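>>> Predicted model, plus sequence, below.
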Amino acid sequence: MEATQAYIAEHKERFLQELIELLKIPSVSADPAYAGDVRKTAEEVAARLKSAGADNVEICETNGYPIVYADKIMSADLPTVLVYGHYDVQPADPIELWTSPPFDPVVKETEIHPEGAVFARGACDDKGQMFMHVKAFEAMMQSDELPCNVKFMIEGEEEVGSEHLGEFVRANIEKLKADVILISDTGMLANDVPSITTGLRGLSYVEVEVTGPNRDLHSGLYGGCVANPINILCDMIASLHDENNQITVPGFYDKVVRLSDEERAEMARAPFSKEAYCKALDIEDVYGEKGYSTMERGSIRPTLDVNGMWGGYTGEGAKTVIPSKAYAKISMRLVPDQIPDEITKLFKDHFESIAPKGTRVKVTPHHVGEPAVTPINFEGYQAASIAYEKTFGKKPIPVRSGGSIPIVAMFEKVLGLKTILMGFGLDSDAIHSPNEHYGLFNYYRGIETIPHFFDSYANLMKQ
Ligand code: BES
Ligand code: MN
Ligand code: MN
């Protein structure tokens, strides 16, 4: 991979400029106002894959946003790596909290990224990380060193639940045939503590609506006499955790796989500083389920959180009103072997049962996603481990992440393939938040590490 690495070193500046161009297109999949830009981004990704040397570059239409497919088949004897990523991004709001416009990328230095980081929505999640694969591929192609067959599947609906990806995968099983799936859409512990993600949480996302009186009421005339839906919703939500911060939905923990003491001890070896963690978030202390460490609470344990809540008067000044309705969006992060649809039902039944007389409750399920664990005892993991060791000079630590990439479980079911999660982001990169950024160190290190993965994987598969 020497020629490939030399090519990367020589073209770094251009690789960054091209990422910046991609980040300028606001591919916000959640907001229909950006539909044209999401499509434009798909076209740009396709064009980049083509100029990098891919064959069969296609913009595959779905009933939602298109999936970009491309491949380079070197030989039937070589293993095939299927690269997945997403070109859509989260909405940028609250926009006023950005220190530079979200779709006008700039490179700025930060404490953690003294060499600079590119600030833009999608810089890390996932345009920056997805584009590392395009550039690593280009480098291997231009250096005549591509050691595996490669297929790309880059979607535009990840941030809204990958609604049409399952259908596409089921309809294209032959086309997507591969030996392993490679994804860079997660993070690592720190720039000097490389890690490989070996698990993702699942998700059940619901919206709840509490209705009281049939119209907003004067809070002086009716206050104290009728159920106020916002007060009630607060009570109901508060009752979802007990004094140990365990979730009170009956049956919620029934299928949770409990880790052995050995596995927990192994996890506890990953470096974690509570002090630094609190400092970075400007909080006095951490908070969570009794009996578990912060690392465990954020990865191997399920959670329930309100993501947003509204109702009544929220405008300027004061308006004396008892609202007719109150709403909340609630996410539950799930772990093996919880079944998302089952959890949704348990939640719905419980939440409806605790509504007091004088109120009506409606629970509307949004998307669900299955948790996933990826093994560490197969060629894919070994190849990734060797690749990180080559570029970081250290063996990566396997860690479970708290985030969700629901398609990982689907790929395993439909394609029978295991996934390697080679993420290069940091928790401090502010994905989904204002001022999202991606370190130039991380971007370049990712581009350098990927070819080593291909090389090691090809070697291990030969044996
Ligand atoms: N890339 C993230 C998931 C992620 C980030 C996993 C960091 C591990 C570490 C992905 O784009 C994402 O945001 N997923 C959503 C779920 C999806 C169904 C909207 C999530 O985790 O909230
Ligand atoms: Mn992502
Ligand atoms: Mn995301």
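Looks like it arrived, so ask away. Residues are numbered from 1 along each chain as shown. Ligands and ions are numbered 1, 2, ... in the order given.
>>> Am I right that Tyr457 falls within a strand?
No: per DSSP: H, G, I helix; E, B strand; the rest coil, Tyr457 lies outside any strand segment and is helix.
>>> Tell me who's in contact with the residue nearest to it when sequence neighbours are not counted.
Nearest residue to Tyr457, sequence neighbours excluded (Cβ to Cβ, 6 or more residues apart in numbering): Ala383, at 3.8 Å. C-betas here are computed from N, CA, C, even on glycine. Ala383 sits next to Ile420, Phe453, Ser456, Tyr457, Asn459, Leu460 when contact means Cβ atoms under 8 Å, 6 or more residues apart in numbering.
>>> for Glu43, same thing?
If you count contacts by Cβ under 8 Å, 6+ apart, then Glu43 has Ile59 around it.
>>> tell me what the helix or strand of the chain with the lowest mean pLDDT is packed against?
Every helix and strand of the chain was ranked by mean pLDDT, DSSP states H and E. The lowest is helix 261-267, at a mean of 89. If you count contacts as 3 or more Cβ pairs under 8 Å, 6 or more residues apart in numbering; DSSP states H and E, helix 261-267 packs onto helix 294-297.
>>> I'd say Gln90 and Asp125 touch.
Yes: with contact defined as Cβ atoms under 8 Å, Gln90 reaches Asp125; the gap is 7.2 Å.
>>> so what's Met141 closest to, chain neighbours aside?
Using Cβ to Cβ, 6+ apart, the closest residue to Met141 is Gly53 (3.5 Å).
>>> The stretch 51-200 of the chain: helices as residue ranges?
127-142, 165-171 (DSSP state H, counting those that start in this stretch).
>>> Which neighbouring elements make contact with the longest one?
When you say that, I think you mean helix 127-142. By 3+ Cβ pairs under 8 Å, 6+ apart, helix 127-142 packs against helix 2-23, helix 35-52, strand 80-86, strand 149-155, helix 440-462.
>>> closest one to Ile112 among these?
With Cβ to Cβ as the measure, helix 440-462 is the member of those nearest Ile112 (9.4 Å).
>>> which parts of the closest one are buried?
440-458, 461 (16 or more other Cβ atoms under 10 Å).
>>> That helix close to ligand 1?
No: Helix 440-462 lies apart from ligand 1 when judged by Cβ under 6 Å from any ligand atom; the minimum separation is 12.9 Å.
>>> Between strand 149-155 and that helix, find me the angle.
130 degrees (axes from the mean of the first three to the mean of the last three Cα atoms, to 10 degrees).
>>> C-alpha coordinates for helix 440-462, PDB please?
As requested, the backbone C-alpha atoms of helix 440-462 are provided in PDB (Å, rounded to 0.1, in the frame of the first residue of the first chain):
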ATOM      1  CA  LEU A 440      -8.600  16.900   9.700                       C
ATOM      2  CA  PHE A 441      -6.500  14.400  11.600                       C
ATOM      3  CA  ASN A 442      -9.500  12.100  11.700                       C
ATOM      4  CA  TYR A 443     -10.400  12.600   8.000                       C
ATOM      5  CA  TYR A 444      -6.900  11.900   6.800                       C
ATOM      6  CA  ARG A 445      -6.200   9.100   9.200                       C
ATOM      7  CA  GLY A 446      -9.400   7.400   8.000                       C
ATOM      8  CA  ILE A 447      -8.400   7.700   4.400                       C
ATOM      9  CA  GLU A 448      -5.000   6.200   5.300                       C
ATOM     10  CA  THR A 449      -6.500   3.400   7.400                       C
ATOM     11  CA  ILE A 450      -9.100   2.100   4.900                       C
ATOM     12  CA  PRO A 451      -6.600   0.900   2.300                       C
ATOM     13  CA  HIS A 452      -4.800  -1.100   5.000                       C
ATOM     14  CA  PHE A 453      -8.100  -2.700   5.900                       C
ATOM     15  CA  PHE A 454      -8.600  -3.800   2.200                       C
ATOM     16  CA  ASP A 455      -5.000  -5.100   2.100                       C
ATOM     17  CA  SER A 456      -5.200  -7.100   5.400                       C
ATOM     18  CA  TYR A 457      -8.700  -8.400   4.500                       C
ATOM     19  CA  ALA A 458      -7.500  -9.700   1.100                       C
ATOM     20  CA  ASN A 459      -4.600 -11.400   2.800                       C
ATOM     21  CA  LEU A 460      -6.600 -13.000   5.600                       C
ATOM     22  CA  MET A 461      -9.200 -14.200   3.100                       C
ATOM     23  CA  LYS A 462      -6.500 -15.900   1.000                       C
END
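>>> just how off-centre is it within its chain?
21 Å (Cα atoms, centre = their mean, to the nearest Å).
>>> list the helices and strands it packs on?
helix 2-23, strand 117-119, helix 127-142, strand 180-183, helix 379-392.
>>> try it again with 6 Å
helix 2-23, helix 127-142, helix 379-392 (3 or more Cβ pairs under 6 Å, 6 or more residues apart in numbering; DSSP states H and E).
>>> Make JSON lines out of the helices and strands packed on helix 127-142 and add mean pLDDT.
Compiled in JSON lines, the helices and strands packed on helix 127-142 are given as follows (pLDDT from 0 to 100):
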{"stretch": "helix 2-23", "mean pLDDT": "98"}
{"stretch": "helix 35-52", "mean pLDDT": "98"}
{"stretch": "strand 80-86", "mean pLDDT": "98"}
{"stretch": "strand 149-155", "mean pLDDT": "98"}
{"stretch": "helix 440-462", "mean pLDDT": "98"}
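>>> Please name the bridge partners of the closest residue to ligand 2 within the stretch 251-400 of the chain.
Across the stretch 251-400 of the chain, the shortest distance to ligand 2 (Cβ to the ion) belongs to Gly369, at 12.2 Å. Here Gly369 shows beta-bridge partners Leu203, assigned using DSSP bridges.
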